[in-house]
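>>> below are the sequence and a predicted model; questions follow.
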Amino acid sequence: MKQYSEHNFEQCTKCTVCTVYCPVAAVNPLYPGPKQAGPDGERLRMKSGKFFDESLNLCLNCKRCEVACPSDVRIGDIIQSARIKYSTKKPGLREFTLANTDLVGSVATLVSPVVNATLGLKPVRHIVEGVMNIDHRRIFPKYAFGTFEGWMRKQRKAQAQFAKQIAYFHGCYVNYNNPPLGQAFVKVVNALGYGVQLLENEKCCGVALISNGFIDKAKKQAKSNLASIRKATEAGLKVVATSSTCTFTLRDEYEHLLGIENGDVRENIDLACRFIYNLLCDGNHNLQFNPDAPRIRVAYHSPCHLERLGWTQYSIELLKLIPNVELVKLDSQCCGIAGTYGFKKENYQTSQAIGESLFAAIEASECDFVATDCETCKWQIEMSTTKKVLHPIELLANHLS
Amino acid sequence: MNEFDVIIVGGGATGAGVARDCALRGIRALLIERDDIATGATGRNHGLLHSGARYAVNDRESAEECIKENMILRRIAAHCVEDTGGLFITLPEDSLEFQAKFIESCLAAGISAEAIDPKLAIAMEPSVNPTLIGAVKVPDGSVDPFRLTAANILDARLHGAKVLTYTKVDELIIESGRVVGVKTTNTLSGEKGEYRAAITVNACGIWGRDLAAKAGVTINMLPAKGALLVFGHRVNNVVINRCRKPADADILVPGDSITVIGTTSSKVPFDQCDNMYVTPEEVELLLREGSMLAPALNHTRILRAYAGVRPLVASDDDPSGRSVSRGIVVLDHATRDGVEGFITITGGKLMTYRLMAEWTVDLICKKLNIDAKCTTAEALLPGSSKDKSTEDCTRTAVAQSRGKASAFYRHGTNAEKIDSSTAAKRALVCECEQVSVGEVEYAVEQLGVNNLVDLRRRTRMGMGTCQGELCACRAAAVMASVGKSCSDKVKADLKGFVTERWKGMSPVAWGDTLREGELLSWLYDGVCDLSNNGKEE
């Protein structure tokens, strides 16, 4: 159906269920909630841009409002688009550092032992808070020594041996912080008979650029990524990502927030858990599990953007297939970090208040590990609970025979 | 000695303007309105701040009056007016010859009219029909008739006038062939009243025929119905008119948070004037013609439909009523009919309410032997300020209180008087139009609000997308808390309000409007049990 008003804001019947599901509105009275910030506010902003107010920056773009909306209003998109259009706050050094994951990552991985050790020091974190307004309590993800892309280049020949191929969108986190997750993905996909290629030129999906106000750069990277993705899909390859947020950004945010057409390749961009689960269901693919792997209890946390994609069930069903994994499904709720949002000093309290009940549920679940498809959820949960967090693909790889 | 010099019957823009003009000239005035202010034709039009261009070709006199009043209102009623600018567009089926004549006539009437490139017109107003072949820029704008009337009433009261709403005139007191006062009934309490003054002014619009009849005077009036549609948000930010001989549904006006298309024009019998319904044929015509101005109207949510009655007056020397004047008509019934102490002011239009009042009060002064000059063209209405623009006030207020930011549009600088000192006062009653608890209290205490519908006219509460779905019950609670309602009255009031909202929604109840209506009825029937309450009574 044709959308008549931008992001369907006119379909809103003011039922307010979005605000009920908004994690920010529940803990921060300064945020007016998605209904008022979104469709209500949009109507007034059409009268005059003066009605934009900076409290919209409190939206963490979890899109849970859109999941809740019975009228299919793209509430989160309305709010983010309004920020893009009207916000007069200029991004500063902090935003630049948080948003440019590619640049920061490629430098940090060269000297990662130093970076990791330094950022681990309390006095340094206080200095970072003073200079950059990044909360000193926030723990940074560790950087890897050497990138995933570097490792992959050495695998090129071996991967080319497979008759069937896919392209892997690894994302900045796998590249700079957690190459083992990418390696686990390659192991699982190889076991299913697929070789893995990199895209011709993968850049950061841009989610952090968008949320930190670097729209022109985000558009540039989106266009570059889509060009690479097009090349891959034209060669008959599916593009698969392990990160739920990268997947969501490539599929939905490019068109909705950046206005960059991606309809021709959108259906060929898939999430790792969904791609693998669908393969296992087609009757032609099998994975051999190690029957002697230790029995573990895993609590699955569904990331917001995966909820918005509607694909949570694929990860859950995939985990259920692993023998010796006892699965606990946590109630679906936001962990509070929302990418770079929770790093900012002014958001730290909101961020932790949002996650509080999730952290309690995780502790109460008595799990050995938490599983989730999103790297920033992982950082938040590892920082705020006693548990280690793994990607479902890592658990899958660990249990292969 | 009488308490008043003048009694004005009718609380539309004209009556309010007469009351204010009297008060500013030191004439003791009483205004009597049978309902709330601005409930007749005043509140049931486009809200177009005419440049006069529409009348330039056929009615030069009206055009000249309009442009003069246009410039005056921008000054004295800055907070009621928005300088949107206007376009007169020529479509492929219209003639560009008319455009040439149109521009010439505008310039002759003193209206600036500049032909611009159609591409520039699209850049000025992106929603305009892109097939246009010509465009003329004119100084149209929009004016909020509720605010304008309320501001006149407020100023009249500040200068000593007395205003009685919900007061019906039962009869005119006539002694020795002259009107010397009125007998009234308060429609809420049933209380009777009697007021005497040297002069009674009939400013009742189309209902003026009935009041005149009470004095044994005949006025030939022709009720002409005009129907309009309200769209859910601003489709256009510039007024769009069709550059052709005035016809149906050829003006699209952005007003506050919405857009209005209108009007139709059809004769209706007098007995329908109190209860106007918009027909499916009118809705269809408005949509068909409106989408010629802005194609987006075809798929924009329609909030509601409404209709008003123009008080057209037949010329005195034409008993057939065929020769109709759209100009201002001041009837001195002493010279016309031999009835002293009785003046009818009618015809005209919202745009010329001030001038109509000026002429009326000039006549009153003459009759009362008062030497006082009219100052209403210079004296700013309360809320208007030379120094502070609404936009500036909004920009500063938006960070502290969303409700206050919107309130500047509604009350001008008087919005400063709204209490926003605590979170409880800043809390929004109406979220669509951002009306705060503080603003409701201000309206109830300062602006003569008796019920929820009155409150809507003063604040826009319930005029947004949800049409009262979430706000009406909250507003009712706030009104009860300031002692305006008891719980039985609250239920009756809510029911009246919701019924009135549905009346406007029902002619356009499809798509999202119908979904909204369903939710509204579910909330008030299912949760508040309003209809059951009705049955028990």
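Cool, got the structure. Worth saying up front: this structure is predicted, and the values here are computed from it rather than measured.
>>> B:Gly383 and B:Ala151 touch, don't they?
Yes - B:Gly383 sits in contact with B:Ala151 when judged by C-beta atoms under 8 Å, with a separation of 5.7 Å. No exception for glycine: its C-beta is placed from N, CA and C like everyone else's.
>>> list residues touching both of these two?
Each of B:His79, B:Cys80, B:Gly412 lies in contact with both B:Gly383 and B:Ala151 under the rule C-beta atoms under 8 Å, 6 or more residues apart in numbering or on different chains.
>>> scan those residues and report the most crowded one.
Highest neighbour count within these, by other C-beta atoms under 10 Å in any protein chain shown: B:Cys80, with 29 neighbours.
>>> so chain B: which segments form each domain?
B:3-41+B:146-220+B:316-368, B:82-142+B:222-310, B:390-532 (automatic domain parsing).
>>> kindly reformat these as TSV containing mean pLDDT and distance to chain A.
Rendered in TSV, the data for the domains of chain B read as follows (pLDDT from 0 to 100; distance: least, C-beta to the nearest C-beta, whole Å):
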stretch	mean pLDDT	distance to chain A
domain B:3-41+B:146-220+B:316-368	94	15
domain B:82-142+B:222-310	96	4
domain B:390-532	91	4
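>>> count the residues that sit near residue 259.
Since no chain was named, I'll use chain A. Residues near A:Gly259, counting by other C-beta under 10 Å: 12.
>>> let me rephrase: I mean chain B.
Neighbours of B:Thr259 (other C-beta under 10 Å): 29.
>>> next one: the one 10 residues further on
Residues near B:Pro269, counting by other C-beta under 10 Å, number 7.
>>> likewise A:Lys90?
7.
>>> and it, which of the three is it?
Following DSSP: H, G, I helix; E, B strand; the rest coil, the label given to A:Lys90 is coil.
>>> interface residues of the stretch 1-150 of chain A facing chain B?
Within the stretch 1-150 of chain A, the positions near chain B by C-beta under 8 Å from any C-beta of the partner chain are A:2, A:4-5, A:10-16, A:29, A:32, A:35-36, A:39-40, A:42-44, A:46-48, A:50-54, A:71.
>>> ok, which stretches of the stretch 51-200 of chain B are helices?
Assigned by DSSP state H, counting those that start in this stretch, the stretch 51-200 of chain B shows helices spanning B:53-56, B:60-76, B:96-108, B:118-124, B:145-158.
>>> of the residues of the stretch 1-150 of chain A next to chain B, buried ones?
A:4-5, A:10-16, A:32, A:35-36, A:39-40, A:42-44, A:46-48, A:50-53, A:71 (16 or more other C-beta atoms under 10 Å in any protein chain shown).
>>> closest one to A:Arg274 among the domains of chain B?
Ranking the domains of chain B by distance to A:Arg274, with C-beta to C-beta as the measure, places domain B:390-532 first at 32.8 Å.
>>> surely B:Val313 is within a strand?
Yes - when three-state DSSP is applied, B:Val313 is found to be in a strand.
>>> okay, and for chain A, where does confidence drop off?
A:1-4 (pLDDT under 70).
>>> identify the residues contacting the residue lying farthest from the centre of it.
Of all residues in chain A, A:Lys47 has its C-alpha farthest from the mean position, at 34.5 Å, by C-alpha atoms, centre = their mean. Taking C-beta under 8 Å, 6+ apart, we find A:Lys47 in contact with B:Arg234, B:Asp256, B:Ser257.
>>> the one residue sitting closest to the centre of chain A - nearest residue in space that isn't next to it in sequence?
Geometric centre of chain A, nearest residue: A:Thr245, 2.5 Å, by C-alpha atoms, centre = their mean. Nearest residue to A:Thr245, sequence neighbours excluded (C-beta to C-beta, 6 or more residues apart in numbering or on different chains): A:His305, at 4.8 Å.
>>> can you tell me the helix or strand for that neighbour?
In this structure, A:His305 is located in helix A:304-309 according to DSSP states H and E.
>>> quick one, helices of the stretch 201-350 of chain A?
Taking DSSP H, counting those that start in this stretch to define them, one finds helices in the stretch 201-350 of chain A at A:207-211, A:215-234, A:244-248, A:254-256, A:272-281, A:304-309, A:312-320, A:345-364.
>>> what's the third one in contact with?
The contact list for helix A:244-248, computed with C-beta under 8 Å, 6+ apart, reads A:169, A:171, A:205, A:207, A:241, A:269-271, A:303, A:305-306, A:308-309, A:311, A:339, A:373-376.
>>> just the fourth one next, same as before
Outside of helix A:254-256, the residues within contact range by C-beta under 8 Å, 6+ apart are A:His7, A:Arg74, A:Asp77, A:Ser81, A:Ala222, A:Leu226, A:Ile260, A:Glu261, A:Asn262, A:Gly263, A:Arg266.
>>> make it 10 Å
Helix A:254-256 is contacted by residues A:6-7, A:74, A:76-78, A:80-81, A:205-206, A:210, A:218-219, A:221-223, A:225-226, A:260-263, A:265-266, A:269 when judged by C-beta atoms under 10 Å, 6 or more residues apart in numbering or on different chains.
>>> what are the buried residues along that helix?
For helix A:254-256, by 16+ other C-beta under 10 Å, it's A:Tyr254, A:Glu255, A:His256.
>>> re earlier: need the contacts of A:Lys47 in TSV (columns: neighbour count, distance to B:Ala213 and secondary structure).
Shown next, in TSV, are the contacts of A:Lys47 (neighbours: other C-beta atoms under 10 Å in any protein chain shown; distance: C-beta to C-beta, whole Å; DSSP: H, G, I helix; E, B strand; the rest coil):
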residue	neighbour count	distance to B:Ala213	secondary structure
B:Arg234	21	43	coil
B:Asp256	20	38	coil
B:Ser257	24	41	coil
